[in-house]
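Asker: Structure of the sequence below:
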Amino acid sequence: MSLTIASILAESAVRHADRPAVILGDLRLTYAQLWAHSLQYAAVLREKGIGPGDRVALLLPNTPHFPLSYYGTLALGAVAVPVHALLKAEEIQYVLEDSGAKALICAAPLLGEGAKGAELAGVPVLAVMDGADATVERIDTLALSATPIEAMVPAEAGDTAVILYTSGTTGTPKGAEITHLNVVMNVVASATYSFDINENDVVLGCLPLFHTFGQTCCMNTAFFVGAAVVLLPRFDGAQALELLVKEKCSIFMGVPTMYVGLLEAAKTSELRPTLKSALSGGAALPVPVLERFAEVFGTPVLEGYGLTETAPVATFNQIGFPPRPGTVGKAIWGVEVEIAKAELDDRIDFLPTGELGEIVVRGHNVFKGYLNKPEATAAAIVDGWFRTGDLGTKDEDGYVSIVDRKKDMVIRGGYNIYPREVEEILLRHPAVGQVAVIGLPDPQYGEEVCAVVIKDPEGGDVTGAELSAWAKERLAAYKYPRRVFFTDAFPLGPSGKILKREIVAGLRES
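Answerer: Model prediction:
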């Protein structure tokens, strides 16, 4: 059965040919232009030896280069591997090597780390945007004179389309293999039954497109219905507010930090957009923020829930059902969401309505598995259900509420951070004997990364600020600990495992 994500843009290039697809400043590309140019990108990639099943890494900000590279890759039957734009060279090297990338398409402003990472991994680089070294070939300029490929390469519904690197609580990031079926069904279910979106809408695209939320909910869903996406390369509350009004945006999608940013900007600006809807995901949106947003902007915020592994939407406060603030809505069309006993690892045992347990998901949105990690896949998908690691409840009407996380993951501003990676970096510092990385509540980011350190007496003295700065040099900007505490001992469980929840509880009380 042939099915490809590339058909999302290909179809709209026919149905909505002259409508604007992407807007960035004064640049406006219609659907017909965006698709035609994507096929030119595909031609350049094919000339460079890229074919069906090959992995192409994308290190790109929110500019038209992202959809051009993404759809150009998919049109060839190749696999897109979006790379987090804030990663450092060694982190990029890991993604390139682990995914088996054949090429990296990198924006000139990101070449500092991107080219280093590619060199370490032995992967060729194709640049986009001005500012690249003359020795680096540019796919955007090569594409201008390339003859577009004649037709997109068919793919099977179950073929891997995108590999998205996701954080867990153990070790290095895992590549989640997302299929064409996963994304296409998520888009169709979102566009048809969940979001109130059509070709007359204008969506503010401020969510990073390398992230599943921005990529599927914003870009792919908007392109499916023929809506326009206004790109904002870097989120700034005041700038976002200006763009919402200037471009007459009707839909805003964001993580909680972005809602806080818009509310901050509204304190010193009279600008108020006329929004049809506002969608939130990525992390729990505090109810006071939701209420304040509705008060200031006159628009209710609809919350949903999902993970990279669920392509991403699993539940949503969708059209046709009354929204319930504080919940993440009901399971989307074609997807089942249940609550199971969190303490059982080897089987799924459902709990009665209203009881707290682990949220489990089954349906067309559940990913294929973790790349080259059969054991991690087997632990995540049990009896056909994906174990989310999140704790929640489901009421008698089917509305799901997120209560806590089973794992120790920290979610800062919508980005997932796993403590072990941060801990391993900090443990390289001579003055650090032991370290536990946790998340503490933060009004702006939802959670802030905090390191609790036992000093190594032989490693010399160090201040919290020095450790934070040291980690900042070695980790992506969203990962390093902004807060560092020192202690003489950690609370330990019977097996000697550090009890992080007790550390968190102690710091909250202090």
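
Asker: How far off centre is the lengthiest helix in the chain?
Answerer: Scanning the chain for the longest helix, with DSSP state H as the assignment, gives helix 31-47. Helix 31-47 sits 25 Å away from the centroid of its parent chain (Cα atoms, centre = their mean, to the nearest Å).

Asker: hmm, who's touching it?
Answerer: By Cβ atoms under 8 Å, 6 or more residues apart in numbering, the surrounding residues in contact with helix 31-47 are 6, 9-10, 12-13, 15-22, 29, 56, 64, 67-69, 71-73, 75-76, 78, 103, 126, 139, 142-144, 146-149, 152, 223, 226. Every residue, glycine included, has its C-beta placed from N, CA and C.

Asker: can you give me the helices for the stretch 301-450 of the chain?
Answerer: 374-380, 419-426 (DSSP state H, counting those that start in this stretch).

Asker: returning to what we had before: looking at the contacts of helix 31-47, which are in helices?
Answerer: Among these, the members falling in helices (DSSP H) are 6, 9-10, 12-13, 15, 67-69, 71-73, 75, 139, 142-144, 223.

Asker: on that earlier part again, ranking the helices of the stretch 301-450 of the chain by burial, who's on top?
Answerer: Comparing the helices of the stretch 301-450 of the chain by mean neighbour count (mean count of other Cβ atoms under 10 Å), helix 419-426 ranks first with a mean of 20.

Asker: Extract the C-alpha set from it and format it as CSV.
Answerer: Extracted in CSV, the C-alpha atoms of helix 419-426 (Å, rounded to 0.1, in the frame of the first residue of the first chain):
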residue,chain,number,x,y,z
PRO,A,419,18.8,14.1,33.8
ARG,A,420,21.4,11.4,33.2
GLU,A,421,22.9,13.2,30.2
VAL,A,422,23.3,16.4,32.2
GLU,A,423,24.7,14.4,35.2
GLU,A,424,27.3,12.7,33.0
ILE,A,425,28.6,16.0,31.8
LEU,A,426,28.7,17.5,35.3
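
Asker: Give the rounded mean pLDDT of that helix.
Answerer: Per-residue pLDDT over helix 419-426 has a mean of 82.

Asker: and it, how far out from the chain's middle?
Answerer: 21 Å.

Asker: hmm, who's touching it?
Answerer: 167, 169-173, 408-410, 432, 435-438, 449, 451, 453, 467, 470-471, 474-475, 479-481, 500.

Asker: do the same with stretch 105-123
Answerer: Stretch 105-123 is contacted by residues 56-61, 63, 65, 69, 83, 85, 87-93, 95-97, 101-104, 124-133, 136, 139 when judged by Cβ under 8 Å, 6+ apart.

Asker: Quick check on the residues you listed: which are buried?
Answerer: 56-61, 63, 65, 69, 83, 85, 87-89, 91-93, 95-96, 101-104, 125-129, 132, 136, 139 (16 or more other Cβ atoms under 10 Å).

Asker: and this protein, what are its domains?
Answerer: Using automatic domain parsing, the domain parsing of the chain gives 6-234, 330-405, 410-509.

Asker: Including distance to residue 243, could these go into CSV?
Answerer: Formatted as CSV, these follow (distance: least, Cβ to Cβ, whole Å):
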stretch, distance to residue 243
domain 6-234, 6
domain 330-405, 28
domain 410-509, 19
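
Asker: which one of these is the most hemmed in?
Answerer: Each of the domains of the chain was assessed for mean neighbour count using mean count of other Cβ under 10 Å. The highest is domain 6-234, with a mean of 21.

Asker: Could you verify that residue 162 is part of a strand?
Answerer: Yes: counting by DSSP: H, G, I helix; E, B strand; the rest coil, residue 162 falls inside a strand.

Asker: Dig out what it forms beta bridges with.
Answerer: When assigned by DSSP bridges, residue 162 has beta-bridge partners residue 80, residue 178.

Asker: That one contacts residue 80, correct?
Answerer: Yes: with contact defined as Cβ atoms under 8 Å, residue 162 and residue 80 form a contacting pair (5.0 Å).

Asker: now the spatially most central residue of the chain: how far from residue 433?
Answerer: Centroid-nearest residue in the chain, with Cα atoms, centre = their mean: residue 211, separated by 2.7 Å. Distance, residue 211 to residue 433, by Cβ to Cβ, to the nearest Å: 35 Å.

Asker: what does residue 185 give?
Answerer: Distance of residue 185 to residue 433, given as Cβ to Cβ: 49 Å.

Asker: out of the helices of the stretch 301-450 of the chain, which comes closest to residue 264?
Answerer: Nearest to residue 264 among the helices of the stretch 301-450 of the chain is helix 419-426 (27.5 Å), distances taken as Cβ to Cβ.

Asker: For residue 357, list each beta-bridge partner.
Answerer: residue 392.

Asker: Could you do residue 401 as well?
Answerer: Beta-bridge partners recorded for residue 401 (DSSP bridges): residue 393.

Asker: I'd say it and residue 390 touch.
Answerer: No: contact between residue 401 and residue 390 fails when scored by Cβ under 8 Å: they sit 10.6 Å apart.

Asker: Identify the residues contacting residue 429.
Answerer: By Cβ under 8 Å, 6+ apart, the neighbours of residue 429 are 459, 462, 467, 470.

Asker: quick one: the helix or strand harbouring the third one to helix 419-426, angle?
Answerer: The reference is to residue 467. Here residue 467, judged by DSSP states H and E, is contained in helix 464-472. For helix 464-472 against helix 419-426, the angle by axes from the mean of the first three to the mean of the last three Cα atoms, to 10 degrees is 110 degrees.

Asker: what separates residue 151 from residue 190, distance-wise?
Answerer: 27 Å.

Asker: residues touching residue 257, list them.
Answerer: Listed by Cβ under 8 Å, 6+ apart, the contact set of residue 257 reads 413-414, 444-446.

Asker: ignore the last one, residue 100
Answerer: Residue 100 makes contact with residue 55, according to Cβ under 8 Å, 6+ apart.

Asker: and it, what pLDDT?
Answerer: 98.

Asker: Pass me the low-pLDDT residue ranges in the chain, would you?
Answerer: Where the chain drops to pLDDT under 70, the residues are 167-171, 404-407, 492-497.

Asker: go again using 50 as the cut-off
Answerer: Across the chain, the ranges flagged by pLDDT under 50 are 168-170, 494-496.

Asker: In three-state terms, label residue 261 for me.
Answerer: Taking three-state DSSP, the label given to residue 261 is helix.

Asker: could I get the helices of the stretch 301-450 of the chain as CSV with distance to residue 485?
Answerer: Compiled in CSV, the helices of the stretch 301-450 of the chain are given as follows (distance: least, Cβ to Cβ, whole Å):
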stretch, distance to residue 485
helix 374-380, 31
helix 419-426, 12
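
Asker: Nearest to residue 258 among those would be which one?
Answerer: Evaluated with Cβ to Cβ, these place helix 419-426 nearest to residue 258, the distance being 23.7 Å.
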